[in-house]
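[1] Pasting a predicted model and its sequence here:
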Amino acid sequence: MRLHLHLLSDSTGETLENIAKAALAQYDDVDMQRHFWPMVRSEAHLERILAEISQNPGLVLYTLVNPEIRRTLESRCRAMGLPAVAPLDPVNHALSSLLGQEAKARPGRQHTLDAAYFARVDAIQFTIAHDDGIGAEDWEDSDIVLAGVSRSSKTPTSIYLANRGYKTSNIPIVVESPPPPELFTLKHPLVVGLTTSADRLVQIRRNRLLSLNQQPETAYVDQESVAREIAFARRMFADNGWPVIDVTRRSIEETAAAIIQLCNERTLSKGRDE
């Protein structure tokens, strides 16, 4: 089934895109054509978009705070017989009722350059500078340290965590080259071991080599060698008492969520001890 999905936002539209992505993930075999309309802040801009919507009718999702632009969009969609949904409205109505105040009608207010924004930028810069075992002298300044064998999703998970404001270092575990001793003396960071199944790791590594036009038949993708690598890393994790997350069937987002939960549990535990 072909679905035209129109996303209208008066800011970057990132929030709306994530909502649409999460909702569409619940449906199979949808031939979806997305029409993305960010920075919609004038009636003239909206008129051009409405012309496109009339040519490609479908579901309209919007995050618009300007009341005049909202009313125009809603009335025109009704006239065309199209559903128009503002997914953040129920949340704002509930918050307004609980807090006893009206929401500030300011487009893109969540993107304000506040302290949290600069903390995220700092975390991203730190994480990029401490990828793949680099900068051992600064690992103590990390919030999170990820350890695992090659291609166990350390780097993408680190970048995702950095976007959530966590300074993250990641360290490869290689049988022939043990990590620097600094890894085993860390006090502040939460050290987490990432592991996966040998079958899955061989598949990922083989695809990686093929994409680089390299010979795919090496010890790097040998089933027994890979299994030994994973076992070596698991023993290291166990010997040091580090929590372990199996990423075999987890997305990057799910892995990051599990790590953040570990961080929160660690913080609560420290609070109780103090």
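    Received the coordinates, thanks. Residues are numbered from 1 along each chain as shown.
[2] okay, now the nearest residue to A129 once chain neighbours are set aside: neighbour count?
    If the residues on either side of it in the chain are set aside, A129 comes closest to G135, at 5.9 Å by CB to CB, 6 or more residues apart in numbering. C-beta here means a position set from N, CA and C on the backbone, and glycine is covered the same way. When neighbours are defined as other CB atoms under 10 Å, G135 has 14 of them.
[3] So for G135, what's the pLDDT?
    The predicted local distance difference test score for G135 is 94.
[4] what does M32 give?
    Per-residue confidence at M32 stands at 88 (pLDDT).
[5] Could you do L61 as well?
    According to the predicted model, the pLDDT of L61 comes to 96.
[6] same question, R120
    86.
[7] before we move on, what about the one 10 residues further on?
    H130 carries a pLDDT score of 96 in this model.
[8] ok, the closest residue to it other than its chain neighbours - contacts?
    If the residues on either side of it in the chain are set aside, H130 comes closest to S169, at 3.9 Å by CB to CB, 6+ apart. Taking CB atoms under 8 Å, 6 or more residues apart in numbering, we find S169 in contact with T127, H130, D131, G135, D138, W139, S142, I144, V145, L146, S158, P189.
[9] ok, I259 - contacts?
    Remark: with contacts taken as CB under 8 Å, 6+ apart, I259 is in contact with I144, L146, T157, L161, L190, V192, I245.
[10] measure the last one to S142 for me?
    In this case it means I245. Noted for I245: a distance of 17 Å to S142, by CB to CB, to the nearest Å.
[11] what stretches of the stretch 151-274 of the chain score poorly on pLDDT?
    270-274 (pLDDT under 70).
[12] Tell me which stretches of it form helices.
    Along the stretch 151-274 of the chain, the stretches classed as helices by DSSP state H, counting those that start in this stretch are 154-163, 198-211, 223-240, 252-273.
[13] Pull out the buried residues from the shortest one.
    Within helix 154-163, the residues that qualify as buried by neighbour count (16 or more other CB atoms under 10 Å) are K154, T155, T157, S158, I159, Y160, L161, A162.
[14] Narrow the contacts of I259 to those that are buried.
    For the contacts of I259, buried by 16+ other CB under 10 Å: I144, L146, T157, L161, L190, V192, I245.
[15] Using JSON lines, lay out those together with distance to V174.
    Compiled in JSON lines, these are given as follows (distance: CB to CB, whole Å):
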{"residue": "I144", "distance to V174": "20"}
{"residue": "L146", "distance to V174": "15"}
{"residue": "T157", "distance to V174": "18"}
{"residue": "L161", "distance to V174": "22"}
{"residue": "L190", "distance to V174": "22"}
{"residue": "V192", "distance to V174": "18"}
{"residue": "I245", "distance to V174": "20"}
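[16] Return the member of those residues nearest to L95.
    L161 (27.1 Å; CB to CB).
[17] give the contact list for the residue nearest to that closest one when sequence neighbours are not counted.
    The shortest distance from L161 to any non-neighbouring residue, by CB to CB, 6+ apart, is to T168 (4.6 Å). Shown here is T168, whose contacts under the criterion CB under 8 Å, 6+ apart are 123, 126-127, 130, 142-146, 157-158, 161-162.
[18] All the strands of the stretch 51-200 of the chain, residue numbers only.
    59-63, 84-85, 144-148, 168-172, 190-195 (DSSP state E, counting those that start in this stretch).
[19] Quick one, which of these gets closest to L212.
    strand 168-172 (17.5 Å).
[20] picking up where we left off before, compile the strands of the stretch 51-200 of the chain into TSV and extend it with columns for distance to L209.
    Written out in TSV, the entries for the strands of the stretch 51-200 of the chain read as follows (distance: least, CB to CB, whole Å):
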stretch	distance to L209
strand 59-63	41
strand 84-85	45
strand 144-148	19
strand 168-172	17
strand 190-195	21
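[21] Ok, which of the ones you listed comes nearest P38?
    Set against P38 and scored by CB to CB, the strands of the stretch 51-200 of the chain come closest in strand 59-63, at 10.0 Å.
[22] Dump the C-alpha coordinates for the closest one into CSV.
    Taking Å, rounded to 0.1, in the frame of the first residue of the first chain, the C-alpha atoms of strand 59-63 are listed here in CSV:
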residue,chain,number,x,y,z
LEU,A,59,-1.5,11.6,6.4
VAL,A,60,-0.4,14.9,7.7
LEU,A,61,1.6,15.1,10.9
TYR,A,62,2.6,18.5,12.3
THR,A,63,4.4,20.3,15.1
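[23] That concludes my questions; thank you for your assistance.
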